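>>> The following block contains a protein sequence and its predicted model.
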Amino acid sequence: MDVVLIVLILVLAGYLLKIFEILKEEHAKVLNNIVIYMAMPSTIFLTILKNVSSSYILEFLKLPLVIFLCCLFVGILAYLLGKFIFKLDNEKLGALILVSMLGNTGFLGYPVCLGMFGEEGLARAIFCDLGGVFATMLLGTYVGIRFGKGRDKSVLKEMAKFPPLITGIMSIILVFFGFKLNYLPDFLLKSLNYLSSATVPLIMMSLGLSLSPKALKFGIFWGIIASIFRFIISPITAFTLSELINIKGLEKNVLLVESSMPSAMMTLVLGTLYELDVKMIASSIFITTTLSLAVIALWGWIFY
């Protein structure tokens, strides 16, 4: 329950800053840039180097694979539902697929897993998020091009410019070759720790700035559909895959939590870029994020 309260307070802090016009919604982009380019890479680097050994790398690499396959499976189901049951036009169909298959494994998954499982859980959440990043860049871009207005963007180039992904891959390589944090000078480690400590509060306040109850008027129904995919179908898929490839213990617990994160904020970026139904996306993000507090509390109760 403490995790839910911490998340709620920090998100509420960001939302109140917007309500009292201390910060504006567009300032969330500035906070996101600080997180993406400085704070989160520091967290990823320190957490992987502290908590992952070379002997467990192959076991940990199962986590991004499962998250990616979950996204793919959920995306296919969302496509079939939207295309043949609801008979949606392309803009709405693409939006439904995005909010159903892509979860907030980084911006919400990190603080939740850190709160529930400590730094060891955060290390595993980072690996899960690598799968989420690949799904966003590859599957999300494909959906945008297929159902929206295509853009001449290189997926590989976009991935190469994403600091958390680069840092995660480089950190894994360093662990594989036996690199230790104590090889770094003390002043550099302290600097990285200061940057890392800003990750969770900045993420949560940015989320609070980005949320808008006004989005509800754009379609509660689609938010509920997205919630079914995010909170029921996705974790069931993750559980099934974890049983098939023998993922146990803390890895499995983190995987289940990460697979049931709400719709990713990046879906709004993709929806805007490829001119999908942005209103449906905004509504789904708000509804799934709000309902996720109950889901997080449920996971907390199950694991404790």
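Thanks, I have the structure now. Quick caveat, the model's predicted, so the values are computed rather than measured.
>>> going forward, measure contacts and count neighbours with C-alpha atoms only.
Noted.
>>> Distance from the chain centre to stretch 272-285, please.
Computed by CA atoms, centre = their mean, to the nearest Å, the chain-centroid distance of stretch 272-285 equals 17 Å.
>>> Ends of it, what's the gap?
14 Å (CA to CA, to the nearest Å).
>>> burial of K214, as a residue count?
For K214, the tally of surrounding residues (other CA atoms under 10 Å) stands at 10.
>>> Now do the same for it: its pLDDT.
pLDDT recorded at K214 is 72.
>>> And L192, how far from V52?
For L192, the distance to V52 - CA to CA - is 18 Å.
>>> any low-confidence regions in the stretch 101-250 of the chain?
For the stretch 101-250 of the chain, applying pLDDT under 70 flags the ranges 150-160, 215-218.
>>> switch to 90 and redo it
Within the stretch 101-250 of the chain, the ranges that satisfy pLDDT under 90 run 107, 137, 141, 144-145, 148-162, 165, 200, 203-220.
>>> which residues of it fall in helices?
Taking DSSP state H, counting those that start in this stretch, the helices of the stretch 101-250 of the chain run over residues 109-134, 141-147, 155-160, 163-176, 186-197, 199-210, 220-228, 234-244, 249-259.
>>> can you tell which of the ones you listed is closest to N32?
helix 199-210 (6.7 Å; CA to CA).
>>> got the angle for the closest one vs helix 109-134?
80 degrees (axes from the mean of the first three to the mean of the last three CA atoms, to 10 degrees).
>>> and helix 199-210, C-alpha only, in CSV?
C-alpha atoms of helix 199-210 as CSV (Å, rounded to 0.1, in the frame of the first residue of the first chain):
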residue,chain,number,x,y,z
THR,A,199,14.6,10.0,-11.6
VAL,A,200,11.5,8.8,-9.6
PRO,A,201,10.2,12.2,-8.4
LEU,A,202,10.7,13.8,-11.8
ILE,A,203,8.9,10.9,-13.6
MET,A,204,6.0,11.0,-11.2
MET,A,205,5.6,14.8,-11.3
SER,A,206,5.8,14.8,-15.1
LEU,A,207,3.1,12.2,-15.2
GLY,A,208,0.9,14.4,-13.0
LEU,A,209,1.5,17.4,-15.3
SER,A,210,0.6,15.3,-18.3
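>>> who's in contact with it?
Helix 199-210 is contacted by residues 7, 10-18, 23-25, 27-29, 31-32, 35, 39-40, 43, 107-108, 110-111 when judged by CA atoms under 8 Å, 6 or more residues apart in numbering.
>>> Just the buried residues of those residues.
7, 10-18, 25, 28, 31-32, 35, 39-40, 43, 107-108, 110-111 (16 or more other CA atoms under 10 Å).
>>> Which ones among these lie within helices?
Within these, residues falling in helices by DSSP state H are 7, 10-18, 28, 31-32, 40, 43, 110-111.
>>> so what's the spatially closest residue to S53 that is not a sequence neighbour up against?
Take S53 and drop its neighbours on the chain: the residue closest to it by CA to CA, 6 or more residues apart in numbering is V175, 6.3 Å away. V175 makes contacts with I48, L49, V52, S53, S54, as judged by CA under 8 Å, 6+ apart.
>>> Swap in 10 Å and give it another go.
Contact partners of V175, counting by CA atoms under 10 Å, 6 or more residues apart in numbering, are I48, L49, K50, N51, V52, S53, S54, S55, Y56, I57, L181.
>>> Show the contacting residues for F303.
M116, F117, N253.
>>> Buried subset of the residues you listed, written for ChimeraX?
A single ChimeraX command suffices to select whichever of those are buried according to 16+ other CA under 10 Å:
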select :116,117,253
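>>> Just send the contacts of F303 back as JSON lines, with distance to G75 too.
What follows is these, written out as JSON lines (distance: CA to CA, whole Å):
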{"residue": "M116", "distance to G75": "28"}
{"residue": "F117", "distance to G75": "29"}
{"residue": "N253", "distance to G75": "23"}
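>>> List just the nearest of the contacts of F303 to F231.
N253 (14.6 Å).
>>> Would you mind confirming that that closest one makes contact with E120?
No: N253 is beyond contact range of E120, at 11.7 Å (criterion: CA atoms under 10 Å).
>>> and for the two, which residues touch both?
Shared contacts of N253 and E120, counting by CA under 10 Å, 6+ apart, come down to C113.
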